[in-house]
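> predicted model and sequence follow; I will ask about them next.
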Amino acid sequence: MNDVQADKVSFRDVKAELLRRITEREWGPGALLPGEVELAAEFQVARATVNRAMRELTEEGIVERRRKAGTRVRPSPLRAARFEIPLVRAEIEATGAAYGYRLLERRVVVAPDWLAARLALAAGVRLLYLRCLHVAGAAPYQHEERWISLAAQPAAEAEDFAESGPNEWLIRAVPFSEVEISFLATAAEGGVAWALAMAEGEPVFTVERTTWWQGQAVTHVRLSFGRGHRITTRY
């Protein structure tokens, strides 16, 4: 690429050439890449152009950058699995089943200690607590237990959620900048066992998800699914 004029070389060109060298094993697994200054001189571009190309390769899991240690090719690419926050109505209807919804419980509570600690909430923060059941045809599909921060989303307190679940309202009304998802093996107990028509203690697939907007926790939800539920992602 040395014969290409600087004004015609973009960070995408640099990235493509670096990726070619890696995939064709000019730089094998664990190899140390040249520094940004050296690459900028080779490609006749600004150092910032090389930096952006390197940053994208890092984000894609192709290389690993460490301060004072340089940039190395990863022994194996680090892939990021991607999960959407789906509309449960659309998820059920995509199976061909009719969607149904029931609000089981709604109340305003002070954040319990375990949740305040987990979400870094100030003492005494009020939350809207909701329990809902989503149904596919005649079969229970998902039990939803949700806490919404009224400090972050005061408008939620005016919503009764009697006809439509908080999942739909939040996706329409609230942006998010960060999401944490956990997958758990739990036992069906109490209201979850009853709602999903399962025996007490029966294994249940559970997902916990927390969303933030610009550093402020918006909602924490625990989703429990009946027998045979599956979540699939690609990377």
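Thanks, I have it.

> return the backbone torsion pair for the residue nearest to the spatial centre of the chain.
Centroid check for the chain by C-alpha atoms, centre = their mean gives Val179 as the closest residue, at 4.5 Å. Torsion angles at Val179 (phi, psi; degrees, to the nearest 10) stand at phi -140, psi 140.

> gap between Glu56 and Arg12?
As defined by C-beta to C-beta, to the nearest Å, Glu56 lies at a distance of 9 Å from Arg12. Where C-beta positions appear, they are placed from N, C-alpha and C, glycine not excepted.

> okay, these two: which has more neighbours?
Ranked by neighbour count (other C-beta atoms under 10 Å), Glu56 and Arg12 place Glu56 first, with 17 against 12.

> ramachandran angles for that one?
Taking degrees, to the nearest 10 as the convention, Glu56 sits at phi -70, psi -40.

> let me know how buried Phe183 is, in neighbour terms.
For Phe183, the neighbour count with other C-beta under 10 Å is 9.

> please name the nearest non-neighbouring residue to it.
Leaving out its chain neighbours, the residue that sits closest to Phe183 by C-beta to C-beta, 6 or more residues apart in numbering is Val207, at 5.9 Å.

> could you list every residue that touches that neighbour?
181-184, 222-223, 225, 231 (C-beta atoms under 8 Å, 6 or more residues apart in numbering).

> minimum pLDDT in those, which residue is that?
Lowest pLDDT among these: Ile231, with 80.

> what distance do you get for that residue to Phe205?
Taking C-beta to C-beta, one finds Ile231 at 8 Å from Phe205.

> between those two, which is the more surrounded one?
Counted by other C-beta under 10 Å, Ile231 and Phe205 do not tie: Phe205 has more neighbours, with 17 against 11.

> could I get the buried residue list for the host helix or strand of the more buried one?
Using DSSP states H and E, Phe205 maps to strand 203-213. Of the residues in strand 203-213, 204-213 count as buried by neighbour count, 16 or more other C-beta atoms under 10 Å.

> hey, what's the residue nearest to the centre of the chain bridged with?
Per DSSP bridges, the residues bridged to Val179 are Thr211.

> let's number from 11 now, not from 1
Sure, I'll start counting at 11 from here, so that last one is Val189.

> how near is it to Thr229?
Val189 is 10 Å from Thr229, by C-beta to C-beta.

> for the closest residue to Val55 other than its chain neighbours, list the residues it contacts.
Distance criterion C-beta to C-beta, 6+ apart; nearest residue to Val55, sequence neighbours excluded, is Val19 at 5.1 Å. Applying C-beta under 8 Å, 6+ apart, we find Val19 in contact with 11, 53-55, 59.
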